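Undergrad: Need a 3D model of the following:
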Amino acid sequence: ISAFFRKNDAHKAMYSILDVIKWLRMNESTLFGMKSKCNNVYPLLQVFQALLLYPCFMVRNPYRFTGSSLSGLLGCKKDVFYRFMSNPKINWRKSVYHLTLQLWSKIRLRSGRKEGTVCLIVDDTDYPKTGRRMENIGRVFSHVHHRCILGFKALFLAVTDGTTQMLLDFALLGEKGKDGKFGMSDEELARRFTKGRDSGDALQERIGEYTAKKTDLMIAMIRRAIRKGVRFRYVLADSWFACKDVIRFIRSR
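TA: Model prediction:
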């Protein structure tokens, strides 16, 4: 941290992190499966690289981009980011894997690093929301608040060697409930945003995962990590993940 953030100079930190990003092999076809149109003022890759800086400078969303220390990097408004992030054709899972595996290999090869036991971590958490009109919004039971809250459940897969921890995969889920209404009233369901999706869009895979069992998604995530070349000794998860199917699958690998 001290190497990036010296003398409270945000601009120097910004360009230092961009230098790290330049080490990574990134092109629009690999990351997004498409290329910028010739009339695009801001290329897709440039917008994506700006988004990568958001968490480093505590920019929570595009609405807060204007006025932040990053605004001088890209002279655009929030709509540019929102249009990019809502593009249903972008496969975010593929993009995360593409960047994470490059960073993981570079970190593990650095000099003076001690070799540790590599583990996968599976965990879920609440993803609260406030708007009732967004697509597939519903209520989920929060084990933190011991009540139902508006939002989603987020399931994550990470990899760690005891020193470094990095995100590999994620999914957003809902809880259908006994009546199949996701904890919403008929009026709320009618007001939710709906849109027909092309079967070839990456977003369609996410919609299919929305009502899946967490243990099934956990197995699918671990299987995907193995296919991507991630090698591990253990899987760390909460005890309720340890059902027969999960244990049998992991032992078979």
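Undergrad: Next one: Ile149 relative to Asp123, how far apart?
TA: Distance of Ile149 to Asp123, given as C-beta to C-beta, to the nearest Å: 18 Å. (C-beta placed from N, C-alpha, C; glycine too.)
Undergrad: go on, Phe32?
TA: The value you get for Phe32 to Asp123, if C-beta to C-beta is used, is 28 Å.
Undergrad: more neighbours, those two?
TA: Phe32 (21 against 14; other C-beta atoms under 10 Å).
Undergrad: What helix or strand is Leu157 located in?
TA: Assigned by DSSP states H and E, Leu157 belongs to strand 147-160.
Undergrad: hmm, I was thinking of Gly72
TA: Gly72 belongs to no helix or strand, assigned by DSSP H and E.
Undergrad: which residues does it contact?
TA: When contacts are counted by C-beta atoms under 8 Å, 6 or more residues apart in numbering, Gly72 touches His11.
Undergrad: going forward, begin numbering at 94 instead of 1
TA: Sure, I'll start counting at 94 from here, so that last one is Gly165.
Undergrad: thinking again about what came up before, so what are the sheet partners of the helix or strand following the strand holding Leu250 and their directions?
TA: Proceeding N to C from strand 240-253, the next assigned helix or strand is strand 258-266, under DSSP H and E. Strand partners for strand 258-266, identified by DSSP bridges, are recorded as strand 240-253 (antiparallel).
Undergrad: What's the mean pLDDT across the strand it pairs with?
TA: Mean pLDDT, strand 240-253: 96.
Undergrad: And stretch 225-232, by the same measure?
TA: Stretch 225-232 comes out at a mean pLDDT of 94.
Undergrad: Could I have the CA atoms of it written out in PDB?
TA: The C-alpha coordinates for stretch 225-232 follow below in PDB (Å, rounded to 0.1, in the frame of the first residue of the first chain):
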ATOM      1  CA  ARG A 225     -38.500  -2.700  -6.000                       C
ATOM      2  CA  ARG A 226     -38.600  -2.300  -9.800                       C
ATOM      3  CA  MET A 227     -35.300  -3.800 -10.800                       C
ATOM      4  CA  GLU A 228     -35.100  -7.000 -12.700                       C
ATOM      5  CA  ASN A 229     -35.700 -10.200 -10.600                       C
ATOM      6  CA  ILE A 230     -35.700  -8.300  -7.400                       C
ATOM      7  CA  GLY A 231     -37.100 -10.200  -4.400                       C
ATOM      8  CA  ARG A 232     -36.800 -10.700  -0.700                       C
END
